[in-house]
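1. Sharing a sequence plus its predicted fold:
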Amino acid sequence: MPKYAGAYRVSGSRGRSREGADTPAEQEKKKYDYTMLTVILLLVGIGLILLYSTSAYNGEVKFHDSFYYLKKQGFATALGLAGMFLVAGIDYHKWMPLANLGYLAAVALSVAVMLIGDEYNGSKRWLSLGPVSFQPSEFAKVALIFFLACLVSGNVKTMGKIRTLLKVMIPVLPIVALVGASNLSTAIIILGIAAVLIFVASPKYAQFIFMGVAAVGFMGVFLALESYRLERLAIWRHPEQYEKGYQTLQGLYAIGSGGLFGRGLGESVQKLGFLPEAQNDMIFSIICEELGLVGASFIVLLFLILIWRLFVIATHAKDLLGALIASGAMAHMMIQVILNIAVVTNTIPNTGITLPFISYGGTSVLFLLLEMGLVLSVSNLVK
């Protein structure tokens, strides 16, 4: 898409003052992408309903409170929505001075996870600051999208050169290595985001062969570093032969028992202790069981509409920076949804990735909504 290099720079300079502020005419025309906003609110609202339906039993058994997970997710969602509208109302160019700081913070937090992080289910992914726990990898995704958008847009004239490609990719590798040490799926998402952003701005495609070979190499290294990752490949092929394949099998039972229209909201059997941690990575299987193929297809349709709107915003953005921000968010959403549904249906090995806006995880929903706010800010300045 070489046209971005010139077209976005020219169009980004029209109708704006030298200081980058909106002209009066632009201020009158500013508006959100309301289709995208509506889909986000629908996903968040439906997600909370489905989360309660899925987690009520576990909450009652473990914490004697069927609303335990809903209250925590609802609080994070409220913060995220407030942050989304706040970020959406600020010109995204004003965040550019903080891009490097955000990147350094992402690296520092990733190092902190390795050194003093909390371990759950054999993986260090959490940091605790007093009573508050969060996953730095969720912050890293958003910080890296904006950092790379700024870096690529600043080097767009030479994106066809290998030297520039390395200049863009090298900052990604420390975060990929740090995050991938305990969370391979998130490392894959980060690499995917970086590849999409470079692809959008690059006038040459041959260099992506090099990137593909490098990605395969990193994947091989990460798989070889820990024996349990190679074991996952065997479990994926024959889940019935391994004790650790239990979750996968129960998820598939849930999907199969849902049929066309499902058992009904709240009527899942697998969530009653049969499917471990059903409210997390495997929540899509409970959606299939309770709402059937029709309900699950509706959720997928909402994600497709959201991805489509992110694509539209990217192609109509005022400048390359805005196009890259929207493209990065689109890549993030697309890769994460595909990975989650593929894992639940056992299309790929279990990677432990959440379904955006729906799976339980306060950190995830908070930073996803902030990311959507950044894209809504871009949509305020569409051509």
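-> That came through fine.

2. helices or strands next to the longest strand along the chain in the packing?
-> Criterion DSSP state E: the longest strand present in the chain is strand 123-129. When contacts are defined as 3 or more Cβ pairs under 8 Å, 6 or more residues apart in numbering; DSSP states H and E, strand 123-129 packs onto helix 99-116, strand 118-120, strand 132-134. In short, each C-beta sits where N, CA and C put it, glycine included.

3. Return the most buried member of those.
-> Counting by mean count of other Cβ atoms under 10 Å, helix 99-116 has the highest mean neighbour count of those, with a mean of 16.

4. what sits up against that one?
-> 124-127, 136-137, 139-140, 142-144, 146-147, 149-151, 171, 174-175, 178-179, 181-182 (Cβ atoms under 8 Å, 6 or more residues apart in numbering).

5. One more: stretch 46-54?
-> The contact list for stretch 46-54 (Cβ under 8 Å, 6+ apart) reads 66-67, 69-70, 73-74, 77, 265-266, 268, 271, 278-279, 283, 286-287, 290, 299, 302, 357-360, 365.

6. For ChimeraX, write a command that selects the buried ones of the residues you listed.
-> A single ChimeraX command selects the buried members of those (16 or more other Cβ atoms under 10 Å):
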select :69,70,73,74,77,268,271,278,279,283,286,287,290,299,302,357,358,359,360,365
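
7. thinking again about what came up before, which members of the contacts of helix 99-116 are positioned in strands?
-> Per DSSP E, the subset of those in strands is 124, 125, 126, 127.

8. Counting neighbours, which of those comes out on top?
-> Highest neighbour count within those, by other Cβ atoms under 10 Å: residue 125, with 22 neighbours.

9. dump the residue contacts of that residue.
-> With Cβ under 8 Å, 6+ apart, residue 125 has these contacts: 113, 117, 118, 135, 137, 182, 183.

10. just to revisit the earlier point, list only those of the contacts of helix 99-116 flagged as buried.
-> Applying 16+ other Cβ under 10 Å to those flags 124-127, 136-137, 139-140, 142-144, 146-147, 149-151, 171, 175, 178-179, 181-182 as buried.

11. Pull the distance from stretch 272-283 to the chain's centre.
-> 20 Å (Cα atoms, centre = their mean, to the nearest Å).

12. Spatially central residue in this structure, please.
-> Central residue of the chain (Cα atoms, centre = their mean): residue 332, 4.4 Å from the mean position.

13. Which strands or helices does the helix or strand where residue 371 lies pack on?
-> Using DSSP states H and E, residue 371 sits in helix 362-379. When contacts are defined as 3+ Cβ pairs under 8 Å, 6+ apart, helix 362-379 packs onto helix 34-63, helix 68-88, helix 136-154, helix 283-316, helix 320-344.

14. Next, the angle from the last one to helix 283-316.
-> Between helix 320-344 and helix 283-316, the angle formed by their directions is 160 degrees, by axes from the mean of the first three to the mean of the last three Cα atoms, to 10 degrees.

15. Please identify the buried residues of helix 320-344?
-> Going by neighbour count (16+ other Cβ under 10 Å), the buried part of helix 320-344 is 320-337, 339-341, 343-344.

16. What of the longest one?
-> Using 16+ other Cβ under 10 Å as the burial criterion, the residues of helix 283-316 that qualify are 283-292, 295-296, 299, 302-303, 305-307, 309-310, 312-314, 316.

17. What ranges in the chain fall below the confidence cut-off?
-> 1-30, 121-123, 130, 206-208, 211, 215, 218-230, 381-383 (pLDDT under 70).

18. repeat that for 80
-> Applying pLDDT under 80 to the chain flags residues 1-31, 117-125, 128-132, 159-160, 162, 180-184, 202-234, 351-352, 381-383.

19. about what we covered before: of the contacts of residue 125, just say which sits nearest to residue 98.
-> Closest approach to residue 98 among the contacts of residue 125 (Cβ to Cβ): residue 137, at 19.3 Å.

20. contacting residues around the closest one?
-> 110, 113, 125, 179, 183, 186.

21. Need these in CSV (columns: distance to residue 33).
-> Output for those, formatted as CSV (distance: Cβ to Cβ, whole Å):
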residue, distance to residue 33
110, 32
113, 34
125, 32
179, 30
183, 31
186, 27
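
22. Can you tell me which of those lies closest to residue 373?
-> Nearest member of the contacts of residue 137 to residue 373, counting by Cβ to Cβ, is residue 186, at 21.0 Å.

23. Which secondary structure element is home to the closest one?
-> helix 184-201.

24. separation between the closest residue in space to residue 67 that isn't next to it in sequence and residue 48?
-> Leaving aside its chain neighbours, residue 67 sits nearest to residue 59 (6.6 Å; criterion: Cβ to Cβ, 6 or more residues apart in numbering). Counting by Cβ to Cβ, to the nearest Å, the separation of residue 59 from residue 48 is 14 Å.
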